[in-house]
Structures are given as structure tokens and as C-alpha cells.
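Trainee: need coordinates for the following:
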Amino acid sequence: MGARELGLPQWVPAAAGLPERVTIWEVGPRDGLQNEKTVVPVEVKLEFLDRLADAGLRTLEATSFVHPKWVPQLADAEKLLAALDRRDGVRYPVLVPNERGLDRALDAGVADIAIFASATETFASKNLNSTLETQFEMFEPVVSRATAEGLDVRGYLSMCFGDPWEGAVPAEQVVRAGRRLLDLGCSQLSLGDTIGVATAGQVEAVVGGFVSAGVDVGKLAVHFHDTYGQALANTLTALRCGVSTVDSSAGGLGGCPYAESATGNLATEDLVWMLDGLGVAHGADLDKLVATSAWMAGQLGRPSASRVVNALAG
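Mentor: Prediction:
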């Protein structure tokens, strides 16, 4: 049974204090699949991207140019991009870790890239083999070269709310690191709840900290994991603070190797269901998204993590 048959309104007046429209930054093909232990065939990835575009999503994070040794699942990045049927009006950003990754991205003809930094010292050391300070020295030539080539650069900031080694992360520490990425030339900053521990109060504090520091809230995005079931509540809080770009993953694909029982990213379908009920525009077709995630669950051989997918496709 689809959303219409259940009587979900196709349009309702927008709730007060919320953006009129939200941009969904779909990360399922990259962040959602990167931790899969069994390699997903490139043909399946291409169909996944095509189905997501057909469902109305206009930003699809396609893959990553991280070294294949570290992310074997995405070792087919060049092959995927060479075969990708890029649709007009759809962006296909890719993740790059360094200048070598940028070289590969430029050779593949991409127009949008993303870099990923850490808000904490320990995660910078473990994930980037760097320090909280020196990571920016690594990113500076990537951003400057990319922007000179006409590419748009997004910045991801990990561990914005909690770190498994350092505990809760002070909002002012997150703001300092995030502003460094924006000052380098990133057009947008995605605030990552990497281990899924954030609460609504923390979201208010972090987003409010950026606004108090003079950062345009329009430059901020949020990226929540649902480990403790707080992703939707945190997203709604971010929207009430003025954020209008939300990262999500079709079917709730993904996970976090740094937290036991982490259940993955906020599911795109769960996000869309909430936005529909709030009267916030987004451009996605919920029934097509549900069908896509049910199909991908079959490819992976396990049920979808999305409550909405299970409710509508079950």
C-alpha cells in the first residue's frame, strides 16, 4: 500500500518556523554502501542511482575516491562514473580525501566534490592520520585547486556531537573547526553526528554557535545517524534552527564502524514522510523511494532499516 492509499496528505500548510523547502542530500550510494562487506556489483549501484534520480532526488552522492585499500566497496569509482547516465538537473558529488583523490575526480569529469574533516583530535588521528590542526593543511590545496577548476566543494565535519574516545564535543570546538573549512572555500558544511549520539539540545547549541559566530545558516547541513533513535527529532530541531539541507540515505543504509549497534543514516523515506506531514517541499516521490529501497534490500539480502519502507512495502 502506497502513501496515497494510506491517506497521507499530498500537501498541507507549512508548519510555522520551518523552511518552505528542504534539499535532500542523498548519501546512500556512497555512505550507505561503503561499509557493506560483500561487494555490490557496479551494475546494481548504477541502477540504484538511476532509481533514486527517477524518484525525484536531485543530489546523489555517487561514490568516493578514497584509496581502495581503505574502502574496497568503492574501488570501482572510475568504472561507475564512466558508465553513469548523468541526468540533467541532478548533481553527483563524490568524496575525495586528498590531492590524489582530486586528481582522480578531475579525470572522471566530476563537477562536485566533498572533503571530510574531524571536529576532534582523536578522530583526526585515527581516521585521517593527522591532527586537529594539521588536517586543514592537507585540505587547503584540495579546495583551492578544486575551486580553481570550477568545482563546488562541500565540507563534512565528523564527530560534531560526540566522539567514542573523547565523549561529548563542546559546541565551540565544532564551530572553530567548521569555520576553518568554510574559510578554506567550502560552499557548504555538513555537521555529522558520526556515532548517532546527538540530542535536540546539542543540535540547537551547535547550530546556534555557528549563527552566533556569523556563519550563514544557509551554509549548514546536518547528517544524523539513528543509533539512539534521535535522527528525526534532531533533524526537526535543525530545521527549526533554519537549516534547510539534510543528508539521508535511502532505506537507512549505512552504519558506523566506531559505535557498536549503530543503525546507519537517517532513512530518506522517514525524512520524506516527516516533511510531507509538515508541509515542507522536497521534490521526492515517496512511493518510488520505497520501491527503490525495497529493491535494494533484496539485492543486499536483508530487510530495510527504514520504518517507512517496512510500513509501506511490508
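Trainee: could you pull out the helices for the stretch 1-150 of the chain?
Mentor: 42-54, 77-83, 99-107, 121-128, 135-148 (DSSP state H, counting those that start in this stretch).
Trainee: take those helices and write them to a markdown table, including mean pLDDT and distance to Pro19.
Mentor: The way it works is simple: take the backbone N, C-alpha and C, and place the C-beta from them, glycine included. A markdown table is the format used below for the helices of the stretch 1-150 of the chain (pLDDT from 0 to 100; distance: least, CB to CB, whole Å):
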| stretch | mean pLDDT | distance to Pro19 |
| --- | --- | --- |
| helix 42-54 | 98 | 22 |
| helix 77-83 | 98 | 31 |
| helix 99-107 | 96 | 30 |
| helix 121-128 | 92 | 30 |
| helix 135-148 | 97 | 27 |
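Trainee: of all the ones you listed, which lies closest to Lys288?
Mentor: helix 42-54 (6.3 Å; CB to CB).
Trainee: pull the residues that contact that closest one.
Mentor: For helix 42-54, contacts defined as CB atoms under 8 Å, 6 or more residues apart in numbering pick out 26, 28-29, 33, 60, 62-63, 76, 79-80, 83-85, 87, 90, 92, 250, 288-289, 291-292, 295-296, 299.
Trainee: buried only: go through those residues for me.
Mentor: For the contacts of helix 42-54, a neighbour count by 16 or more other CB atoms under 10 Å gives the buried set as 26, 28-29, 33, 60, 62-63, 76, 80, 84, 90, 92, 250, 288-289, 291-292, 295-296.
Trainee: would CSV of the helices of the stretch 1-150 of the chain with distance to Leu232 be doable?
Mentor: Converted to CSV, the helices of the stretch 1-150 of the chain look like this (distance: least, CB to CB, whole Å):
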stretch, distance to Leu232
helix 42-54, 20
helix 77-83, 30
helix 99-107, 32
helix 121-128, 25
helix 135-148, 31
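Trainee: mind checking which of these is nearest Ser306?
Mentor: helix 42-54 (13.8 Å).
Trainee: just the CA coordinates for that closest one, please, in PDB.
Mentor: Taking C-alpha atoms only, helix 42-54 is exported to PDB below (Å, rounded to 0.1, in the frame of the first residue of the first chain):
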ATOM      1  CA  VAL A  42      28.700  -1.800 -10.200                       C
ATOM      2  CA  GLU A  43      25.600  -2.600 -12.300                       C
ATOM      3  CA  VAL A  44      23.500  -2.700  -9.100                       C
ATOM      4  CA  LYS A  45      25.000   0.600  -8.000                       C
ATOM      5  CA  LEU A  46      24.200   2.200 -11.300                       C
ATOM      6  CA  GLU A  47      20.600   1.100 -11.200                       C
ATOM      7  CA  PHE A  48      20.400   2.300  -7.600                       C
ATOM      8  CA  LEU A  49      21.500   5.800  -8.700                       C
ATOM      9  CA  ASP A  50      19.100   5.800 -11.700                       C
ATOM     10  CA  ARG A  51      16.100   4.700  -9.500                       C
ATOM     11  CA  LEU A  52      16.900   7.500  -7.000                       C
ATOM     12  CA  ALA A  53      17.100  10.100  -9.700                       C
ATOM     13  CA  ASP A  54      13.800   8.800 -11.100                       C
END
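Trainee: middle-most residue in this protein, spatially?
Mentor: Asp247 (3.7 Å; CA atoms, centre = their mean).
Trainee: that one belongs to a strand?
Mentor: Yes: counting by DSSP: H, G, I helix; E, B strand; the rest coil, Asp247 is located in a strand.
Trainee: okay, and the beta partners of the spatially closest residue to it that is not a sequence neighbour?
Mentor: Distance criterion CB to CB, 6 or more residues apart in numbering; nearest residue to Asp247, sequence neighbours excluded, is His223 at 3.9 Å. When assigned by DSSP bridges, His223 has beta-bridge partners Gly192, Asp247.
Trainee: and His223, how many neighbours does it have?
Mentor: Burial of His223, expressed as a neighbour count using other CB atoms under 10 Å, amounts to 25.
Trainee: low-confidence stretches in the stretch 201-314 of the chain?
Mentor: 256-263, 314 (pLDDT under 70).
Trainee: before we move on, the earlier item: which ones among the contacts of helix 42-54 lie within strands?
Mentor: If you go by DSSP state E, the contacts of helix 42-54 have 26, 63 in strands.
Trainee: name all residues that make contact with Arg100.
Mentor: The contact partners of Arg100, taken as CB under 8 Å, 6+ apart, are 65, 67.
Trainee: quick check: closest non-adjacent residue to Gly56.
Mentor: Nearest residue to Gly56 in three dimensions, chain neighbours excluded: Ala284, at 4.4 Å (CB to CB, 6+ apart).
Trainee: which parts of the stretch 201-314 of the chain are helices?
Mentor: All helices of the stretch 201-314 of the chain, identified by DSSP H, counting those that start in this stretch, fall at 231-240, 268-278, 286-300, 307-313.
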